[in-house]
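>>> Any chance you could fold what I've pasted below:
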Amino acid sequence: MGKSAIAALLSLAFMEKGYRVLAIDADPSPHLARLLEIEDKIIPLAEMRDLLAERAEKMGPYYTLNPKIEDLPEKFMKTKNKINLMVLGAIREAGAGCACPEQTVLRRLMSYLILKTQDVVIVDMEAGVEHFGRGTVIPMDVILVVTKPYRGSLETSKQILKLAEKLNLKKVFIVGNGVRNFQEEELLKKEFGDKIIAILPEDNELEKREIEGKGLWDYRGKLFKKVEELRDKLMELKD
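Presented below is the predicted three-dimensional model:
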């Protein structure tokens, strides 16, 4: 159970509270559609390279910095109950070639979705620190850094917090994930102190669902209760 599952559960928790939710999957390996059991075949926009190049008006090394994206949500957004899903994906280059024009379209679309919607917006970003360097996190009200009580994960999370501070991002918090015991909880508290907004326990039911290929639409186990508490804290921060 990782950050995508947390994003899906937060989407469901806000929906159950009566909110409309816009879930944006901006991970290179998108999982939100599967976890939210949206069964329509969805091709991430990042894989529609011809469309992105057209919108970027790409001509050799030249492209527009203000691509037309306003009609893309209507064409590619999927809806289930009170959850809207937009699968952007992310471009990763193998070998030569510049993805800058295509990335420009995706970044502008993400900012447009975040700033224009009146819904609760939950974005599942790619793991790691790269998007902090690109500044794609700036339009967001609150950023959650999902970490596990393992040394590599802890060090990456510390690096993210440092970059967030340099970008003057104030509401950046740690979510401890898959915590199995008191010792792991204490380790997280020692490392991050008041930066921790939630500690989520390991839940074997989610692992079983993953093995069986089931989504999370009807999951309401012990982890969901903790995610509901996280939802309420996020609403307090927004106020």
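
>>> hey, let's count contacts and neighbours off CA atoms from now on
Noted.

>>> Can you give me the neighbour number for residue 60?
Per other C-alpha atoms under 10 Å, the neighbour tally for residue 60 reads 6.

>>> swap in residue 34?
Neighbours of residue 34 (other C-alpha under 10 Å): 18.

>>> which ones are touching it?
residue 215 (C-alpha atoms under 8 Å, 6 or more residues apart in numbering).

>>> ok, it to residue 108 distance?
Look at residue 34 and residue 108: by C-alpha to C-alpha, to the nearest Å, they are 25 Å apart.

>>> likewise residue 178?
Residue 178 is 34 Å from residue 108, by C-alpha to C-alpha.

>>> okay, those two: which has more neighbours?
residue 178 (21 against 18).

>>> list the contacts for the more buried one?
1, 148, 200-203.

>>> hang on, residue 9 packs against residue 226?
No: using C-alpha atoms under 8 Å, residue 9 is not in contact with residue 226; the gap is 10.0 Å.

>>> between these two, which one's more packed in?
residue 9 (26 against 15).

>>> picking that back up, could you dump the contacts of residue 178 into a markdown table with neighbour count, secondary structure and pLDDT added?
Putting the contacts of residue 178 into a markdown table (neighbours: other C-alpha atoms under 10 Å; DSSP: H, G, I helix; E, B strand; the rest coil; pLDDT from 0 to 100) gives the following:
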| residue | neighbour count | secondary structure | pLDDT |
| --- | --- | --- | --- |
| 1 | 14 | coil | 67 |
| 148 | 21 | coil | 94 |
| 200 | 22 | strand | 97 |
| 201 | 16 | strand | 95 |
| 202 | 16 | coil | 93 |
| 203 | 16 | coil | 93 |
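
>>> mind checking how far residue 189 is from residue 69?
In terms of C-alpha to C-alpha, residue 189 sits 42 Å off from residue 69.

>>> for residue 176, that is, sorry about that
36 Å.

>>> Contacts for stretch 15-32 next, please.
Counting by C-alpha under 8 Å, 6+ apart, 4-5, 7-8, 11, 14, 44, 82-92, 119-127 sit against stretch 15-32.

>>> From the residues you listed, which land in strands?
83-87, 120-125 (DSSP state E).

>>> Can you pull up the most central residue in this protein?
Centre of the chain computed as the mean C-alpha position; nearest residue by C-alpha atoms, centre = their mean is residue 124, 1.2 Å away.

>>> partner residues bridging the closest residue in space to it that isn't next to it in sequence?
Leaving aside its chain neighbours, residue 124 sits nearest to residue 25 (5.0 Å; criterion: C-alpha to C-alpha, 6 or more residues apart in numbering). Per DSSP bridges, the residues bridged to residue 25 are residue 87, residue 124.

>>> Would you quantify the distance from residue 25 to residue 153?
Relative to residue 153, and taking C-alpha to C-alpha, residue 25 is found at 21 Å.

>>> what about these two, which has more around it?
Neighbours per residue (other C-alpha under 10 Å) separate residue 25 from residue 153, with residue 25 holding more: 27 against 14.

>>> how near is the more buried one to residue 121?
Residue 25 is 11 Å from residue 121, by C-alpha to C-alpha.

>>> And residue 55, by the same measure?
For residue 55 relative to residue 121 (C-alpha to C-alpha), the value is 24 Å.
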